[in-house]
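1. need a 3D model of the following:
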Amino acid sequence: MSSPEFLSLPEADEVFSVTTDDGAVLPVYGLAGPQDGPALLFGHANGLAAGSYTPWLKMLAQSCRVFAWDARGHGGSRWPDGPLEEVFSVDRMADDLAAVSRAVAARAGVPAYVGHSLGGAAGLRLAFTGRAPDWPRLLIFEPPIFPPPSSRFYDGANARQEILIAGTLKRRTDWPSPEAFCERLKGRGMFGRFDPAMLLAHCRATLKPKPPGFTLCCPPAVEAMLFRRHQKAADWTSLSRIARPLDLIGGDPATPDNDWISAALPDMAACAPQARLIQIAGTGHMLICEAPAACAAFVLARVVAGG
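-> Okay, the predicted model is just below:
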């Protein structure tokens, strides 16, 4: 199998690829932690990549053997031709997670799973369809499980999602350098709350070379389609079928420039019988990038200490 042409996390101690049944190729990165430490698998948000979280993953690797992968359409992944609504369906993303989890388990034992946004939704979908691996811990940050029409959050979520999709399709794709991209994002909306090291890591992980400059790894049409597919997925009503302990971690609904998920998360948690809700004051949807040390401490308390 050929190596990925681009690595979103080139500092990884180990890189291997998982090929899915429809031909997508997903780079998986391993960060060596303590040999006797627990294994942990992380799934990233839409439009980001595994390497967007490099400083945070290194925090986790002080106590865990950490694995993360570039989802199809992101980072150094490759994906098959076909209608975007099929190639990037919510089931495809969940199946990819299952395949990556199996590959990690073969190397390090069944990992705890931590997912953010897109990666979180994939984990929940596997859980309520009964296809999830026997993850010893399931921690989900800000999953985009869209509320049903009967929800008090539906109208607001629908309006915010349409704005998000329209803005994504207008996204600038080409940049002279990751540093120029970083300068453009500094101080803008949610990016203004990013930890500086996390913001630079994100910019380096999501731009690949395209002489004479760089281009986004995740095409805007792909990112927008994933937002649309989650908007249309009827997963909320299935949360009651998750028959296992679950940590749902969210941002603060009062945080400026935040989206609808933080506000809806308490109602979401109430639907899952064994969910434990945690919300971090002063953060938004990108809370891992905004407060990496606090989020790492929480994950390690659950995965290592069993809190």
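2. only C-alpha atoms from now on, for both contacts and neighbour counts.
-> Will do.
3. okay, how far is it across stretch 199-217, tip to tip?
-> End-to-end span of stretch 199-217 (C-alpha to C-alpha, to the nearest Å): 16 Å.
4. could you check how far R137 is from G123?
-> Distance check for R137 against G123: by C-alpha to C-alpha, it reads 11 Å.
5. now do the shared contacts for those two.
-> Contact criterion C-alpha atoms under 8 Å, 6 or more residues apart in numbering; residues shared by R137 and G123: Y113.
6. between the two, which is the more surrounded one?
-> Neighbours were counted for R137 and for G123 using other C-alpha atoms under 10 Å; G123 has more, 28 against 19.
7. can you pull the pLDDT of the more buried one?
-> Looking at G123, its pLDDT is 98.
8. so it sits against D96, correct?
-> No. Under the criterion of C-alpha atoms under 8 Å, G123 is not in contact with D96, lying 10.3 Å apart.
9. A helix includes A205, no?
-> Yes. A205: assigned to a helix according to DSSP: H, G, I helix; E, B strand; the rest coil.
10. nearest residue to it other than its sequence neighbours?
-> Nearest non-adjacent residue to A205, counting by C-alpha to C-alpha, 6 or more residues apart in numbering: S8, 4.3 Å away.
11. do the same with F227
-> I165 (6.6 Å).
12. what's the helix or strand encompassing that neighbour in contact with?
-> Using DSSP states H and E, the element containing I165 is helix 154-169. If you take C-alpha under 8 Å, 6+ apart as the criterion, helix 154-169 is touched by 146-149, 220-221, 223-224, 227-228, 231, 259-261.
13. name the residues of that helix that come out as buried.
-> Y154, A157, N158, Q161, I165, T168, L169 (16 or more other C-alpha atoms under 10 Å).
14. out of those, the closest to M190 would be?
-> Closest to M190 out of the buried residues of helix 154-169 is T168 (14.4 Å), distances taken as C-alpha to C-alpha.
15. how about the strands of the protein, start to end?
-> Counting by DSSP state E, the chain has strands at residues 14-19, 25-31, 39-43, 65-69, 112-116, 138-141, 174-175, 207-210, 213-216, 246-250, 275-279.
16. okay if I get the ones you listed as a markdown table plus mean neighbour count?
-> Converted to a markdown table, the strands of the chain look like this (neighbours: other C-alpha atoms under 10 Å):
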| stretch | mean neighbour count |
| --- | --- |
| strand 14-19 | 17 |
| strand 25-31 | 25 |
| strand 39-43 | 27 |
| strand 65-69 | 28 |
| strand 112-116 | 24 |
| strand 138-141 | 26 |
| strand 174-175 | 17 |
| strand 207-210 | 20 |
| strand 213-216 | 19 |
| strand 246-250 | 23 |
| strand 275-279 | 18 |
